[in-house]
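Participant: quick one, fold the following:
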Amino acid sequence: MQSMTVHIEQDDLTRPEVQALLLEHLRDMRATSPKESVHALDIDGLREDHSTFWTAWSNGTLLGCGALLHLEVSHGEMKSMRTTPSARGLGVATRMLRHIIAEARRRGYVRLSLETGAQDFFAPARKLYRKHGFTECAPFADYQPDPNSVFLSATI
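Facilitator: Sure thing, here's the model as predicted:
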């Protein structure tokens, strides 16, 4: 992995491989969580003005994606973190997470939050976020308490 060059770029969500990754993400969320507990954004939701979306690439191959939503002047939300199956375990999610944290700091946010699933399927994601300083918090923004969701936040 150390020799793989990863390039993270802001994305407009028009490339077919990016759309396919997001559709796979939504299918997995719907397959592992009850309908009322799926909080993943679709492509149109990620194109909203308050959202910035990035993709990670190596030699023209899509490796993963992530987004940052503006919630308020000092608070952002991380959304749609996803790594392609072939890139899992290679550090792509860590690179994307660090990129989003750096961008959140650049914007002046002091808090970065996210929602992820409580099921075993989401254990690797929760482990990654906790490793980078995220701790459980109360539901934020428009979220409501949900036994199928874990809410995490970090002071950045």
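Participant: so what strands line up beside whichever strand or helix holds Met81?
Facilitator: Take DSSP states H and E as the rule and Met81 turns out to sit in strand 75-83. When pairing is defined by DSSP bridges, strand 75-83 lines up against strand 61-72 (antiparallel), strand 111-117 (parallel).
Participant: just list what the helix or strand following the shortest one packs against, helices and strands only.
Facilitator: It stands for strand 111-117. For strand 111-117, the succeeding helix or strand toward the C-terminus, using DSSP H and E, is helix 123-131. Helices and strands touching helix 123-131, by 3 or more CB pairs under 8 Å, 6 or more residues apart in numbering; DSSP states H and E, are helix 92-106, strand 111-117, strand 149-155. For every residue, glycine as well, the C-beta is placed using N, CA and C.
Participant: who touches the strand holding Met81?
Facilitator: With CB atoms under 8 Å, 6 or more residues apart in numbering as the test, strand 75-83 has contacts from 21-22, 24-25, 40-41, 46, 51, 53, 63-71, 90, 92-93, 96-97, 100, 104, 107, 109-115, 125, 140-141.
Participant: stretch 129-143 now?
Facilitator: Residues outside stretch 129-143 that contact it (CB under 8 Å, 6+ apart): 39, 71, 75, 77, 94, 97-98, 101, 112-116, 145-146, 149-155.
Participant: if we use 7 Å, what do you get?
Facilitator: For stretch 129-143, the surrounding residues in contact (CB atoms under 7 Å, 6 or more residues apart in numbering) are Leu71, Glu77, Leu97, Ser113, Leu114, Glu115, Pro145, Val150, Phe151, Leu152, Ser153, Ala154.
Participant: what stretches of this structure score poorly on pLDDT?
Facilitator: The model of the chain has pLDDT under 70 over residues 1-3.
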